[in-house]
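Participant: sequence first, predicted coordinates after that:
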Amino acid sequence: MLKIRNFDGDAKLLISTWAAADGLGNVILLAMPFMIGAFVVQLGFSLSEAGMILSVEMGMIAVVSLAIAPMMSKLSRSQVAVTGAVIAVIANILCIYTTEYESILWYRAISGLGYGLALAAGNAAVSSAANPARTFERKMILFGLYQVVLMFSIPFIIDTSGLEGFFAVLALMAFLLIFLVMRLPSYEARSVDDSEPNERQLSDNNSTISILAAAAIILAMSIYSLREAFAWAFLERIGDSLSVSAQTVGLYMAIASVVGLVGPALATRLREYAGAARSAVLGMILSGLVTYGIVVTGNQYFYISMIIVWPLIYYFSIPLIMGIATELDSKGRVAAASAGALQLAYSLGPVVAGFIYEKGGQNVIGNVTLAAMLVSVLLLLLACTRITKETAVE
């Protein structure tokens, strides 16, 4: 069995990890649909150009998070997160003073560097909690509240103050969050007895099974998120094609985020009753069906209904998957890599979805969405099976 790791002040840890991983690391993910629309409408960029900007930024977040993940057991999480926040402040300020495509592309790449550092530090720090799975579930509630605020405010800010005003708000947010991410633990917390190593912890002499389990979870998160990105990246554009305005989409997403706040609580209850693996598989299947409905629907009311239930399923699924990742590796490397994989998938989503749509249309995207759902479920089952076998052997 896994040991419970001592770490005083999990409540303080919860706030600081949210600030780094979500307040900084996931802000662009949440803003993506509205930023793409604003680049097209306000700056006259093509849809592919707008998608490329977000793909570059999200890609940078992912690459940085993945690259630094193996080092998170040795680096100071607080210093990494503060450095990332400062970089994000500078990059967002630079974006205020230009409307040129090439300049914005470069500045958003720089901001991605900063956000990626914060994301890796925040998710790695969750593994320092006494109960990482529960901490992720609680952090998901804060993420939901954060999304409610952003879904209400982002369309309004962009509509009234333009992209310049939005970038100014991003810079201010990053500056204010510095004071919270400074409270991250500097290094990994130690287990109750360091002389008795955690069997599931990935160390230098890890078993092949542990490595396979980690790889399977990371790949499962990648494919899960790529499928989600197909719908999320063009959510505002899909709504526009159905005569649903950006502010209306934001309003419904905000309402849906409130509904979704019960998702982590449901995840906790079902995890205790049916286990993390079965619960996560259920979440993956339900989220796959929801995103399939969004990308193939031509009905305004069905589109809105899918928006309403989407966050509930997402907030239910993500803490279960990340909880498995944190329990596998107390040093936080698998959790940080999984979060980076999520961002990488979202960076590829607009490009991949656009290519598929041009070649085959909505129905093909729908079929790929269902196929991705199946593959992610199989990978998660593989990871959990490996973990179970390893535990039995030990």
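Facilitator: Yep, it's here. None of these values were measured; they are calculated from a predicted model.
Participant: contacts for stretch 80-99 next, please.
Facilitator: Contacting residues not belonging to stretch 80-99 are listed as 19-20, 24, 43, 68, 72, 103-104, 107-108, 110-111, 113-122, 163-164, 167-168, 170-171, 174-175, 177-178, 181-182, 184 [CB atoms under 8 Å, 6 or more residues apart in numbering]. For glycine as for every other residue, the C-beta is placed from the backbone atoms N, C-alpha and C.
Participant: give me the buried subset of these.
Facilitator: The neighbour-count test (16 or more other CB atoms under 10 Å) marks 19-20, 24, 43, 68, 72, 104, 107-108, 110-111, 113-122, 163, 167-168, 170-171, 174, 177-178, 181, 184 as buried among those.
Participant: any low-confidence regions in the stretch 1-150 of the chain?
Facilitator: Counting by pLDDT under 70, the ranges of the stretch 1-150 of the chain that qualify are 1-10, 128.
Participant: any chance you could map the strands in it?
Facilitator: Ranges of strands in the stretch 1-150 of the chain, per DSSP state E, counting those that start in this stretch: none exist.
Participant: where do the helices sit along it?
Facilitator: The residue ranges that make up the helices of the stretch 1-150 of the chain, judged by DSSP state H, counting those that start in this stretch, are 10-18, 27-43, 47-68, 77-96, 101-126, 132-181.
Participant: out of the ones you listed, deepest packed?
Facilitator: The highest mean neighbour count among the helices of the stretch 1-150 of the chain belongs to helix 101-126 (a mean of 26), with neighbours defined as mean count of other CB atoms under 10 Å.
Participant: how much does it deviate in direction from helix 27-43?
Facilitator: Our comparison of helix 101-126 with helix 27-43, counting by axes from the mean of the first three to the mean of the last three CA atoms, to 10 degrees, yields an angle of 160 degrees.
Participant: counting by contacts, list what helix 101-126 packs against.
Facilitator: Here helix 101-126 touches helix 10-18, helix 27-43, helix 47-68, helix 77-96, helix 132-181, helix 300-328, helix 333-360, going by 3 or more CB pairs under 8 Å, 6 or more residues apart in numbering; DSSP states H and E.
Participant: a markdown table for these, including distance to L382?
Facilitator: Rendered in a markdown table, the data for the helices and strands packed on helix 101-126 read as follows (distance: least, CB to CB, whole Å):
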| stretch | distance to L382 |
| --- | --- |
| helix 10-18 | 28 |
| helix 27-43 | 26 |
| helix 47-68 | 20 |
| helix 77-96 | 30 |
| helix 132-181 | 20 |
| helix 300-328 | 12 |
| helix 333-360 | 15 |
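Participant: how about stretch 307-320: buried residues?
Facilitator: Residues of stretch 307-320 classed as buried: 307-320 (neighbour count, 16+ other CB under 10 Å).
Participant: okay, the residues you listed in a markdown table with pLDDT next?
Facilitator: Below are these laid out as a markdown table (pLDDT from 0 to 100):
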| residue | pLDDT |
| --- | --- |
| I307 | 91 |
| I308 | 91 |
| V309 | 92 |
| W310 | 92 |
| P311 | 88 |
| L312 | 90 |
| I313 | 92 |
| Y314 | 88 |
| Y315 | 85 |
| F316 | 89 |
| S317 | 89 |
| I318 | 85 |
| P319 | 83 |
| L320 | 86 |
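Participant: out of these, flag the one nearest to A280.
Facilitator: The shortest gap between A280 and any of the buried residues of stretch 307-320 belongs to L320, at 4.0 Å (CB to CB).
Participant: which residues does the residue lying closest to the closest one once chain neighbours are set aside contact?
Facilitator: Using CB to CB, 6 or more residues apart in numbering and skipping the chain neighbours, the partner closest in space to L320 is A280 (4.0 Å). Applying CB under 8 Å, 6+ apart, we find A280 in contact with S317, L320, I321, I324, L380.
Participant: the helices of the stretch 1-150 of the chain: which one's closest to A371?
Facilitator: Ranking these by distance to A371, with CB to CB as the measure, places helix 47-68 first at 21.6 Å.
Participant: ranges for the helices of the stretch 151-300 of the chain?
Facilitator: For the stretch 151-300 of the chain, applying DSSP H, counting those that start in this stretch gives helices covering 208-232, 235-241, 246-260, 262-274, 276-296, 300-328.
Participant: what is the rounded mean pLDDT of the fourth one?
Facilitator: Put plainly, it is helix 262-274. Here helix 262-274 scores 85 as its mean pLDDT.
Participant: what packs against it?
Facilitator: Counting contacts by 3+ CB pairs under 8 Å, 6+ apart, the secondary-structure elements packed against helix 262-274 are helix 132-181, helix 276-296, helix 300-328.
Participant: closest to S127 among the contacts of A280?
Facilitator: Distance to S127 across the contacts of A280 (CB to CB) is lowest for I324, with 12.0 Å.
Participant: skipping adjacent residues, who's closest to that closest one in space?
Facilitator: Leaving out its chain neighbours, the residue that sits closest to I324 by CB to CB, 6+ apart is A276, at 5.5 Å.
Participant: please apply the same query to G349.
Facilitator: G349 sits nearest to A229 (CB to CB, 6+ apart), 2.4 Å away.
Participant: if we can go back for a sec, dump the helices and strands packed on helix 262-274 to JSON lines, plus distance to V56.
Facilitator: Below are the helices and strands packed on helix 262-274 laid out as JSON lines (distance: least, CB to CB, whole Å):
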{"stretch": "helix 132-181", "distance to V56": "16"}
{"stretch": "helix 276-296", "distance to V56": "23"}
{"stretch": "helix 300-328", "distance to V56": "24"}
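Participant: which of those sits closest to M32?
Facilitator: Put simply, out of these the one that sits nearest M32 is helix 132-181, at 10.1 Å, with distance taken as CB to CB.
Participant: gap between the closest one and the chain center?
Facilitator: On the basis of CA atoms, centre = their mean, to the nearest Å, the separation between the geometric centre of helix 132-181 and that of its chain is 13 Å.
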